[in-house]
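*Asks:* sequence first, then the predicted structure, then my questions.
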Amino acid sequence: MRRALAGLAAVLLSASLTAPVGAAEGAPAPKELAGSQERANKAAARLAAGQSALAEVEDDVAALNGRLSGTRARLAELRGEVRQLGVRQYVQGGDPTVWIVQTDLGQAARSRALLRHVTMGRADAMDEYRAASADLADGQAALERRLAQQRKAVEGLRADEARVTAELERLAAAQQAYEAKVAKDRAAAERAVAERAAAEQARAARAPAPAQVAPVQVRPPPTPARVAVPAPAGGPRVIGSGEWVCPVQGPRAFTNDWGQPRSGGRRHQGTDILSPRGTPIVANVSGTVSPHNSGLGGISYYLRGDDGNTYFGTHLDRLSGASGRVSAGTVIGFNGNSGNARGGPTHLHFEIHPGGGGPVNPYPTVARYC
């Protein structure tokens with residue numbers, strides 16, 4: 001009887017921990033969680049594309065402003081030369097602008113030749129002045145068009161930020177509901193096992209004592225295998241296999257944004273892992289962590305891993321105070337948008353430097369462990 005009861009308990013407990021959570025009302029099934037994650041990642045991809053588009057427009061605006069500054073400086077120089085032309089022509093006699101308004105092409109050509117002779121070859125300053133004026137007008141029109149595109153890109157980027165934030169909130173709610181249902185099912189299974197064990201003990205106590213018989217050697221039932229259960233929400237969760245774990249321990253979304261354009265003519269050299277503000281950022285491997293601050297990245301850290309690689313994370317909201325030797329999963333800080341990310345979506349910019357050298361695309365590794 002005890003063997004049968006133990007076997008039944010194992011089956012009940014295993015079934016409760018592995019049954020699809022979506023079968024219960026109000027809790028998402030794992031495939032629905034996967035769908036929510038996919039939507040969040042797509043929103044992150046749209047956001048990254050919007051950031052790239054805005055960076056390209058900003059670079060064009062900067063280049064156009066530089067070009068216009070040079071054109072204005074050249075116009076000022078030519079304006080002085082044209083003024084000198086007028087003075088020289090006045091001293092020599094005649095109207096320096098007659099050839100400009102001359103309707104007789106032959107007369108205009110003769111006037112220009114005379115003016116060139118009188119001003120020692122600088123009559124072409126007027127042509128340069130006209131060309132520079134036209135170039136300035138064209139440059140200003142191009143700048144206005146790019147500024148309009150910049151305003152539109154900024155509006156689109158804000159809409160993408162709102163979408164990815166909403167998707168992350170939905171993903172967080174779905175994960176919490178899933179974890180709560182798993183915990184509830186496990187508690188119910190444990191209660192059922194305890195109640196059945198208590199009932200069996202009560203029945204055994206009421207039953208008459210059995211006749212004395214020779215003892216029979218019975219092998220104990222096999223120990224049921226442990227079933228992995230997600231840790232409850234609110235704390236770091238080691239979700240990677242082996243030593244390497246995801247550096248962002250909470251709802252997250254990311255895309256392969258390596259090499260995409262960024263402001264100032266830069267290229268993105270990491271993976272942006274978007275997550276709500278305050279999400280724990282942990283050491284992805286054991287090693288030595290060093291806090292770091294910079295104007296570009298804001299609150300940051302370096303992790304020199306025991307695996308021989310160096311990891312860099314930036315844009316944190318704050319650090320946890322961890323420094324020196326840490327084990328994998330140790331909380332280093334909390335997600336934010338410090339540095340040049342201020343005002344944008346909260347995320348961890350994460351880099352991998354193999355052997356402490358130059359950065360490589362971290363997306364394949366992040367996609368595996370996150």
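*Replies:* Now that the structure is in, tell me what you want to look at.
*Asks:* the helices in the stretch 51-200 of the chain, which residues?
*Replies:* Counting by DSSP state H, counting those that start in this stretch, the stretch 51-200 of the chain has these helices, from start to end: 98-101, 105-118, 124-206.
*Asks:* as CSV, the ones you listed with mean pLDDT, distance to residue 308 and mean neighbour count would be great.
*Replies:* Heads up, the C-betas are built off the backbone N, CA and C, glycines and all. Shown next, in CSV, are the helices of the stretch 51-200 of the chain (pLDDT from 0 to 100; distance: least, Cβ to Cβ, whole Å; neighbours: other Cβ atoms under 10 Å):
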stretch, mean pLDDT, distance to residue 308, mean neighbour count
helix 98-101, 48, 74, 14
helix 105-118, 53, 73, 14
helix 124-206, 78, 33, 15
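*Asks:* export those helices to TSV and append columns for distance to residue 278.
*Replies:* As requested, the helices of the stretch 51-200 of the chain are exported to TSV (distance: least, Cβ to Cβ, whole Å):
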stretch	distance to residue 278
helix 98-101	69
helix 105-118	74
helix 124-206	12
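*Asks:* which among these is found nearest to residue 37?
*Replies:* Closest to residue 37 of those is helix 124-206 (Cβ to Cβ; 6.1 Å).
*Asks:* residue contacts, residue 286?
*Replies:* 243, 305-306, 325-328 (Cβ atoms under 8 Å, 6 or more residues apart in numbering).
*Asks:* tell me how far it lies from residue 302.
*Replies:* 14 Å (Cβ to Cβ, to the nearest Å).
*Asks:* also residue 139?
*Replies:* For residue 139 relative to residue 302 (Cβ to Cβ), the value is 44 Å.
*Asks:* just residue 144 next, same as before
*Replies:* Counting by Cβ to Cβ, the gap from residue 144 to residue 302 is 44 Å.
*Asks:* quick one: the strands in the protein, in order.
*Replies:* Secondary structure of the chain, counting by DSSP state E: strands at 261-262, 266-267, 271-274, 280-282, 287-294, 298-305, 310-316, 318-319, 324-326, 331-334, 347-353.
*Asks:* could you export those as CSV, including mean pLDDT, distance to residue 160 and mean neighbour count?
*Replies:* Shown next, in CSV, are these (pLDDT from 0 to 100; distance: least, Cβ to Cβ, whole Å; neighbours: other Cβ under 10 Å):
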stretch, mean pLDDT, distance to residue 160, mean neighbour count
strand 261-262, 84, 16, 18
strand 266-267, 88, 20, 12
strand 271-274, 95, 11, 26
strand 280-282, 97, 23, 25
strand 287-294, 94, 26, 16
strand 298-305, 96, 21, 21
strand 310-316, 96, 17, 24
strand 318-319, 96, 26, 16
strand 324-326, 96, 35, 13
strand 331-334, 97, 24, 20
strand 347-353, 96, 13, 23
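*Asks:* let me have those in TSV, extended by distance to residue 45.
*Replies:* Output for the strands of the chain, formatted as TSV (distance: least, Cβ to Cβ, whole Å):
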stretch	distance to residue 45
strand 261-262	15
strand 266-267	17
strand 271-274	11
strand 280-282	22
strand 287-294	27
strand 298-305	24
strand 310-316	19
strand 318-319	28
strand 324-326	32
strand 331-334	25
strand 347-353	13
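*Asks:* so which of the helices of the stretch 51-200 of the chain comes closest to residue 351?
*Replies:* helix 124-206 (20.9 Å).
*Asks:* got the angle for the closest one vs strand 347-353?
*Replies:* 100 degrees (axes from the mean of the first three to the mean of the last three Cα atoms, to 10 degrees).
*Asks:* elements contacting helix 124-206?
*Replies:* Packed against helix 124-206 by the contact rule (3 or more Cβ pairs under 8 Å, 6 or more residues apart in numbering; DSSP states H and E) you find helix 2-18, helix 30-92.
*Asks:* now the end-to-end length of stretch 327-339.
*Replies:* For stretch 327-339, the first-to-last residue distance is 27 Å (Cα to Cα, to the nearest Å).
*Asks:* ok, now stretch 342-351?
*Replies:* One end of stretch 342-351 sits 19 Å from the other (Cα to Cα).
*Asks:* got the contact list for that stretch?
*Replies:* 47, 161, 164-165, 247-248, 269-277, 279, 281, 297-298, 311-317, 335-337, 341, 359, 362, 366.
*Asks:* go on, stretch 46-64?
*Replies:* Contacts of stretch 46-64 (Cβ under 8 Å, 6+ apart): 139, 142-143, 146-147, 149-150, 153-154, 156-157, 160-161, 163-164, 255, 257, 260-265, 272, 274, 345.
*Asks:* tell me the mean pLDDT for that stretch?
*Replies:* Averaged over stretch 46-64, pLDDT sits at 77.
*Asks:* please identify the buried residues of it?
*Replies:* By 16 or more other Cβ atoms under 10 Å, the buried positions in stretch 46-64 come out as 46-61, 64.
*Asks:* where do the domain boundaries of the chain fall?
*Replies:* The chain breaks down by automatic domain parsing into domains covering 1-207, 261-369.
*Asks:* look up how far residue 195 lies from residue 184.
*Replies:* 16 Å.
*Asks:* what's the neighbour count on residue 71?
*Replies:* 20 (other Cβ atoms under 10 Å).
*Asks:* in contact with the nearest residue to residue 168 once chain neighbours are set aside, which residues are there?
*Replies:* In space, residue 168 comes closest to residue 251 once its chain neighbours are excluded; the distance is 5.3 Å by Cβ to Cβ, 6 or more residues apart in numbering. Going by Cβ under 8 Å, 6+ apart, residue 251 touches 40, 168, 171-172, 175, 275-276, 279.
*Asks:* OK, contacts around residue 157?
*Replies:* 47, 50-51, 54.
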